[in-house]
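Q: Predicted structure and sequence below. I'll ask about it afterward.
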Amino acid sequence: MKRWNGWGETAVTNELPENAGVFLEEAIGVTRPPKDAELADVVASVLESRLPEHPLINTDAETRLRHTRGQSFPDWLALRSGNMAAFPDGVAFPQTDAQVKTLLDLAIAHDVKLIPYGGGTSVVGHINPEPGDRPILTMNLQRLNRMHRLDTASRLATFGAGVAGPNLEAQLRAKGYTLGHYPQSFEYSTLGGWIVTRSSGQQSRGYGRIEDMFAGGKLVAPAGELQMPPLPASAAGPDIRQMVLGSEGRLGIVTEATVRVSQLPEKEVFHTVFFPDFEAGKTAVRQIVQADLPLSMLRLSTGVETETTLKLAGHEVLINTLERLLRMRGLEEGKAMLLMGFTGKREIVNAARKEALDITGQNSGIHIGQQFGNQWQKSRFKSPYLRNTLWERGVGIDTLETAVPWRSVDQTLQDIETAIHSGLANFNEKVHVFTHLSHMYATGCSIYTTYAFRLAADPDETLARWSAMKTAASKAIVANGGTISHQHGVGKDHKPYLPAEKGDLGMAAIAMLAQQFDPNGLMNPGTLF
Ligand SMILES: Cc1cc2nc3c(=O)[nH]c(=O)nc-3n(C[C@H](O)[C@H](O)[C@H](O)COP(=O)(O)OP(=O)(O)OC[C@H]3O[C@@H](n4cnc5c(N)ncnc54)[C@H](O)[C@@H]3O)c2cc1C
């Protein structure tokens, strides 16, 4: 069963190695487990539904509670403290496009707000209902999960848009194909969710971002239906698909999506290289992407993230041996770890690996082989489970991200980390902050920062601490000209920072587009703009 107030299946845990606990305590101080609300009490607080009875709508209180929040830090806090501002009045699980249409018609007839729900993995408040007079219906799309067509000649696969990562890959792999989209939320997030949040998977360097994969599909909107043919390319005016990408449920419901798929790779390997410092690693990754080498992943950690990763990895004896080996080669404190993924045809993987390792070698990188990378690949979707363990020990953890051109990477990274530290300074508390660069492009890369801090006994105090850090970091991103999100989207949490990126005219155009697709403002109001 899925956790109602945390990440993942209740049967799965990810424990913290003993030395990692000591490391964290040194970084942020002694922590105390918070007191969580009981499921039964929170279910009892769900108010009477305001929706008309309908065979497609479930108004059971626990089902509504389980669709009330996503996975952002404030979402966790609300769920764990049982302090929710609003609940959906009902949840529908349509199985066909016709049922989606029926539910849309019902929403129009009864002035109901509609929240499309994929996997509920949003980390920026996308799917949270807001208090108000109008009833709210959440539409869980997970039953739209079949592969309708696989056109192997064109390498196009069409799915129901509610299909989650593992199911999508299983259906494709059975035929020898893959999409290759692996966000860390892969276990639950869905194709439709990826499209409308402009998601980026961990191997985006090889397979592309979701916008590179999204070839076409169907959007069912209050104003009608939109078909997007999967053309290889077109010069016929603006690309409507680009309007749907990033629309965050404001235009309508993506019921079906056609994606560009690849044949299963012949070979896939992950290699690790350590550099004496972050600067050397950064020069190497920039040279690798600008040489256009066909890698599927590059992820470079700062010194602090490298140290934290090694501490959290467990396998103490192995890690100590590695550290000793690196010290003998002159790599001490401040060393930076690079993970590189190579995916594809055997000869191309081998050639790319040789070229990439030549470049890392020229930048004083020490190659330690595949063991660490393979371990990372094996456990990559298990890391989010650590968040449950940390919370239960009294440690809050959150991440934020942006993308900037190479020229701005250093300053932006430094300003984000400084902002997080200074955000918490007023509370007389310490925060452990670490960052990596990933999703590399020839012109720049994404910056992904994680911060861990102590939960207060009072949830309002915890929220104040988090808000101070998040606000300071978001302002630092905007001040550096970075995007407010490279991959998580806008939702409700990033909304104040969107006009800085789009401008007044751009914001007005987005609002006009939503007005055209959804004249009565039913679709996910409060998200995006
Ligand atoms: C642990 C963790 C790790 C993550 N790692 C990554 C990562 O590596 N890369 C990344 O890009 N993101 C990541 N995310 C963020 C999140 O997983 C993505 O934003 C994902 O795309 C959301 O998909 P979902 O199906 O869960 O959508 P939901 O969270 O259910 O919804 C997100 C938005 O999409 C809308 N929506 C969903 N389905 C449809 C549809 N069919 N039609 C219209 N609107 C729809 C909703 O209304 C909402 O506005 C992570 C999140 C977590 C919790």
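A: The structure has been received and is ready for your questions.
Q: number of nearby residues for Thr190?
A: Residues lying near Thr190 (other Cβ atoms under 10 Å) number 31. No exception for glycine: its C-beta is placed from N, CA and C like everyone else's.
Q: State the distance from it to the ligand.
A: 4 Å (Cβ to the nearest ligand atom, to the nearest Å).
Q: Just the pLDDT at that residue, thanks.
A: The confidence metric pLDDT takes the value 98 at Thr190.
Q: Backbone dihedrals for it, please?
A: The phi/psi pair for Thr190 (degrees, to the nearest 10) reads phi -120, psi 160.
Q: What are the boundaries of the helices in the stretch 51-200 of the chain?
A: Remark: helices assigned in the stretch 51-200 of the chain by DSSP state H, counting those that start in this stretch are 61-65, 73-81, 97-110, 165-173, 191-197.
Q: burial measure for Thr68, as a count.
A: That count, for Thr68 with other Cβ under 10 Å as the rule, works out to 24.
Q: so it sits right up against Phe87, yeah?
A: Yes. Contact criterion Cβ atoms under 8 Å: Thr68 and Phe87 qualify, at 5.1 Å.
Q: Quick check: residues of the stretch 51-200 of the chain near the ligand?
A: When proximity is defined as Cβ under 6 Å from any ligand atom, the stretch 51-200 of the chain approaches the ligand at 70-71, 115-123, 126-127, 141, 161, 183-185, 189-190, 192-194, 196-197, 199-200.
Q: For PyMOL, what selects the buried ones among those residues?
A: To isolate in PyMOL the members of those that are buried, counting by 16 or more other Cβ atoms under 10 Å, one can use:
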select buried, resi 70+71+115+116+117+118+119+120+121+122+123+126+127+141+161+183+184+185+189+190+192+193+194+196+197+199+200
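Q: in the stretch 101-250 of the chain, which ranges drop under the pLDDT threshold?
A: Under the criterion pLDDT under 70, no range of the stretch 101-250 of the chain is flagged.
Q: Which positions in the protein make contact with the ligand?
A: Going by Cβ under 6 Å from any ligand atom, the residues of the chain near the ligand are 70-71, 115-123, 126-127, 141, 161, 183-185, 189-190, 192-194, 196-197, 199-200, 202, 248-249, 253-254, 384, 487-489, 524, 527.
Q: Looking at these, which are in strands?
A: Judged by DSSP state E, the residues of the chain next to the ligand include 115-117, 253-254 as members of strands.
Q: and Gly489, what does it touch?
A: Listed by Cβ atoms under 8 Å, 6 or more residues apart in numbering, the contact partners of Gly489 are 122, 124, 126, 197-199, 246, 248.
Q: Let's have those in CSV, adding distance to Leu179.
A: Shown next, in CSV, are the contacts of Gly489 (distance: Cβ to Cβ, whole Å):
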residue, distance to Leu179
Ser122, 20
Val124, 23
His126, 22
Thr197, 16
Arg198, 16
Ser199, 12
Gly246, 19
Glu248, 21
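Q: All the helices of the stretch 251-400 of the chain, residue numbers only.
A: Under DSSP H, counting those that start in this stretch, the stretch 251-400 of the chain gives helices at 278-290, 303-312, 316-328, 346-362, 371-379, 386-393.
Q: I'd like the ones you listed laid out as TSV, including mean neighbour count.
A: Shown next, in TSV, are those (neighbours: other Cβ atoms under 10 Å):
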stretch	mean neighbour count
helix 278-290	21
helix 303-312	20
helix 316-328	13
helix 346-362	16
helix 371-379	17
helix 386-393	18
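Q: Quick one: these as CSV, columns for mean pLDDT too.
A: Listed next are the helices of the stretch 251-400 of the chain as CSV, based on pLDDT from 0 to 100:
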stretch, mean pLDDT
helix 278-290, 98
helix 303-312, 95
helix 316-328, 92
helix 346-362, 98
helix 371-379, 91
helix 386-393, 96
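Q: could those helices be laid out in CSV, adding distance to Tyr441?
A: What follows is the helices of the stretch 251-400 of the chain, written out as CSV (distance: least, Cβ to Cβ, whole Å):
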stretch, distance to Tyr441
helix 278-290, 7
helix 303-312, 20
helix 316-328, 29
helix 346-362, 16
helix 371-379, 22
helix 386-393, 28
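Q: Those: which one's closest to Asp105?
A: Nearest to Asp105, of all the helices of the stretch 251-400 of the chain, is helix 386-393, at 39.6 Å by Cβ to Cβ.
Q: elements contacting that closest one?
A: Helices and strands touching helix 386-393, by 3 or more Cβ pairs under 8 Å, 6 or more residues apart in numbering; DSSP states H and E, are helix 73-81, strand 395-405.
Q: mean confidence score for the shortest one?
A: Helix 73-81 shows a mean pLDDT of 98 in the predicted model.
Q: just use 35 as the starting number from now, easier for me
A: Okay, using 35 as the starting number, the last item reads as helix 107-115.
Q: between it and helix 420-427, how big is the angle?
A: Helix 107-115 and helix 420-427 are oriented at 50 degrees to each other (axes from the mean of the first three to the mean of the last three Cα atoms, to 10 degrees).
Q: Could you tell me the angle between helix 107-115 and strand 429-439?
A: Using the same axes, to 10 degrees: helix 107-115 against strand 429-439 is 170 degrees.
Q: what packs against helix 107-115?
A: Using 3+ Cβ pairs under 8 Å, 6+ apart, the elements in contact with helix 107-115 are helix 420-427, helix 493-513.
Q: Show me what it is in contact with.
A: Under the criterion Cβ under 8 Å, 6+ apart, residues 38-40, 68, 70-71, 76, 102-103, 117-119, 159, 162, 421, 425, 430, 432, 493, 496-497, 500, 504, 527 lie in contact with helix 107-115.
Q: Most remote residue from the middle of this structure, which is it?
A: Relative to the centre of the chain, and counting by Cα atoms, centre = their mean, the farthest-placed residue is Met362 at 38.0 Å.
Q: quick one: that residue from the ligand, how far?
A: Distance of Met362 to the ligand, given as Cβ to the nearest ligand atom: 35 Å.
Q: gap between that residue and Asn354?
A: Met362 sits 13 Å away from Asn354, going by Cβ to Cβ, to the nearest Å.
Q: Ok, Phe127 next?
A: From Phe127 to Asn354 the distance is 51 Å (Cβ to Cβ).
Q: again with Leu332
A: Leu332 is 27 Å from Asn354, where distance means Cβ to Cβ.
Q: what does Ala208 give?
A: 43 Å.
Q: and if you look at Gln133?
A: As judged by Cβ to Cβ, Gln133 and Asn354 stand 58 Å apart.
Q: Could you do Leu489 as well?
A: From Leu489 to Asn354 the distance is 31 Å (Cβ to Cβ).
Q: Where does the stretch 435-563 of the chain get nearest to the ligand, which residue?
A: Nearest residue of the stretch 435-563 of the chain to the ligand (Cβ to the nearest ligand atom) works out as Gln521 at 3.6 Å.
Q: My guess is that residue contacts Ser480. True?
A: Yes. In this structure, Gln521 is within contact of Ser480 by Cβ under 8 Å, at 6.9 Å.
Q: what is in contact with the two at once?
A: With Cβ under 8 Å, 6+ apart as the test, Gln521 and Ser480 both reach 234, 435, 473.
Q: burial count for the residue of the stretch 335-484 of the chain at minimum distance from the ligand?
A: Residue of the stretch 335-484 of the chain nearest the ligand, by Cβ to the nearest ligand atom: Pro418 (3.6 Å). Pro418 is flanked by 19 other residues according to other Cβ under 10 Å.
Q: Not counting residues beside it along the chain, what's closest to it?
A: Nearest residue to Pro418, sequence neighbours excluded (Cβ to Cβ, 6 or more residues apart in numbering): Trp41, at 4.6 Å.
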